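>>> Give the three-dimensional model of this entry:
(one chain, ligands or ions: 3)
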Amino acid sequence: VIRCRAAVAWAVGKPLSVEEVEVAPPKAGEVRIKIVAAGICRTDDHVIKGVFPNMDFPVIPGHEGAGIVESVGEGVTSVKPGDKVIPLCLPNCGECTFCLNPEANYCLKCHFSEPQNLLPDKTSRFTCKGKQIHHYLWVSTFAEYTVIPEYAVAKIDSAAPLDKVCLLGCGFSTGYGAAVNTTKVKPGSTCAVFGLGGVGLSVVMGCKVAGASRIIAIDINKDKFAKAKQLGATDCINPQDFKKPIQEVVTEMTGHGVDYSFEVIGHVDTMTAALASCNMNTGVFVMIGELPAGEVVSFDPLLLLTGRTWKGSLVGGWKTRDCISKLVSSYLEKKFNSDLLITHTLPIAKVNEGFELLRAGK
Ligand code: NAD
Ligand code: ZN
Ligand code: ZN
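Ligands and ions are numbered 1, 2, ... in the order given. Predicted coordinates:
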């Protein structure tokens, strides 16, 4: 058993509490990882606020991170102690029908199919003050040590800087992949990105790498525009600067609407606005933002009748185990610079300050 620090969410709506926890050794098929760095994604904030159903507390959140294998359980063959790895918030068992389908990335062993935040054998490896603490998405990266099933671990290049590539565990890979993988944005096309957080800015980077001729970046926080421009946005607009609905503004700017629109916020109204911002015939709208459980979107079905497509994208559509390792190699080859997304670096003791910065739009 390893004793170390972790950020524990004891109850819905309470700030995280940095505690000493006990982390049990990995059982068969599991890997214990020393987490070196973690990123904060808005989805962790949703967990803390109790947005998701079937979430058991107390829980150690965090689903974006990078670390080093400390020990492995019986039967583990793909990684060994000392390997650098990225925990996968969307696993990739390689055996289920979706893993075997080259076009799918939703592994049936993932937590969305089986909502419970324990490890696959329905037990936890974490305890604190004599209480069992739950895992989150099997990864719980806000702990100095965590235990994860082998099929939710990607081995990465030993040269990778862990404090930088941790972003590839969710935020960067999600946004970048939504553009280059889920949608396969075509050279010369036009794009609109609603929401310029870590994930939305990564969509901008993906559209740019794919060769989009115009990338319209949309946010109500104009402080996000300088970074969006640096990453490839050609136009930055704030919906609050216009009297008319933003979809009309985007349609006028482009003639008939963009070829691809992305919602990276998680609101009902911006989803319908993003849908209506892509052209009526071949336009593709990609939903990335997560709506609170139970929210319903209503829109005029004629928006789809004329040919528009509404798509969803989870972790960039990547088959995570192979693709995230390959993205780390692309990072090392300088095919993109995800370091530009890093605004602050804090020690784990200041994890709540990190969430305050996120909520303040910084
Ligand atoms: P973030 O909070 O950092 O960014 C959201 C941005 O949207 C902010 O810049 C904010 O100013 C802007 N915004 C808020 N309301 C707006 C409005 N009405 N109009 C225009 N802009 C508005 O969040 P993030 O970490 O980038 O995550 C974005 C979303 O993606 C979240 O809902 C998160 O849960 C989701 N997510 C989905 C996946 C996936 O696999 N599909 C993965 C990671 C995150
Ligand atoms: Zn995330
Ligand atoms: Zn699978």
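>>> From start to finish, how long is stretch 133-149 in a straight line?
Stretch 133-149 stretches 17 Å from its first residue to its last (CA to CA, to the nearest Å).
>>> now do stretch 123-143
End-to-end distance of stretch 123-143: 17 Å, with CA to CA as the criterion.
>>> Likewise for stretch 43-61?
9 Å.
>>> Mind checking the pLDDT average for that stretch?
Regarding stretch 43-61, the rounded mean pLDDT is 90.
>>> Which residues does that stretch contact?
Applying CB atoms under 8 Å, 6 or more residues apart in numbering, the contact partners of stretch 43-61 are 6-16, 21, 62-63, 115-118, 126, 128, 131, 133-136, 140, 142-143, 146, 170, 266, 290, 292-294, 355, 358-359. Backbone N, C-alpha and C define where each C-beta goes, glycine included.
>>> filter those residues by proximity to ligand 1?
Restricting these to those near ligand 1 by CB under 6 Å from any ligand atom leaves Cys170, Gly266, Glu290, Leu358.
>>> May I have the phi/psi pair for the nearest residue to the first one once chain neighbours are set aside?
Translated: Cys170. Nearest in space to Cys170, with sequence neighbours left out and distances taken as CB to CB, 6 or more residues apart in numbering, is Glu64 at 4.1 Å. Recorded main-chain torsions at Glu64 are phi -130, psi 120, according to degrees, to the nearest 10.
>>> List the contacts of Glu64.
For Glu64, the contact set (CB under 8 Å, 6+ apart) comprises Ala38, Gly39, Ile40, Cys41, Cys89, Thr141, Cys166, Leu167, Gly169, Cys170, Gly171.
>>> repeat that with 10 Å
37-41, 43-44, 86-87, 89, 139, 141-142, 166-174, 198 (CB atoms under 10 Å, 6 or more residues apart in numbering).
>>> For this protein, name the helix or strand with the lowest mean pLDDT.
Using mean pLDDT, DSSP states H and E, the weakest-scoring helix or strand in the chain turns out to be helix 42-49, at a mean of 92.
>>> Report the buried residues of the next helix or strand after that helix.
Using DSSP states H and E, the next helix or strand after helix 42-49 towards the C-terminus is strand 65-72. Residues of strand 65-72 classed as buried: Gly65, Ala66, Gly67, Val69, Glu70, Ser71, Val72 (neighbour count, 16 or more other CB atoms under 10 Å).
>>> What is the neighbour count of Lys334?
7 (other CB atoms under 10 Å).
>>> before we move on, what SS does it have?
Assigned with DSSP: H, G, I helix; E, B strand; the rest coil, Lys334 falls in the coil class.
>>> residues from the stretch 101-250 of the chain in reach of ligand 3?
Applying CB under 5 Å from the ion, we find that the stretch 101-250 of the chain lies next to ligand 3 at Cys107.
>>> Which positions in the stretch 101-250 of the chain make contact with ligand 1?
Checking the stretch 101-250 of the chain against ligand 1 by CB under 6 Å from any ligand atom, the hits are 170-171, 174, 194-200, 218-221, 224, 239.
>>> Give me the neighbour count for Ala212.
Ala212 has 25 nearby residues by other CB under 10 Å.
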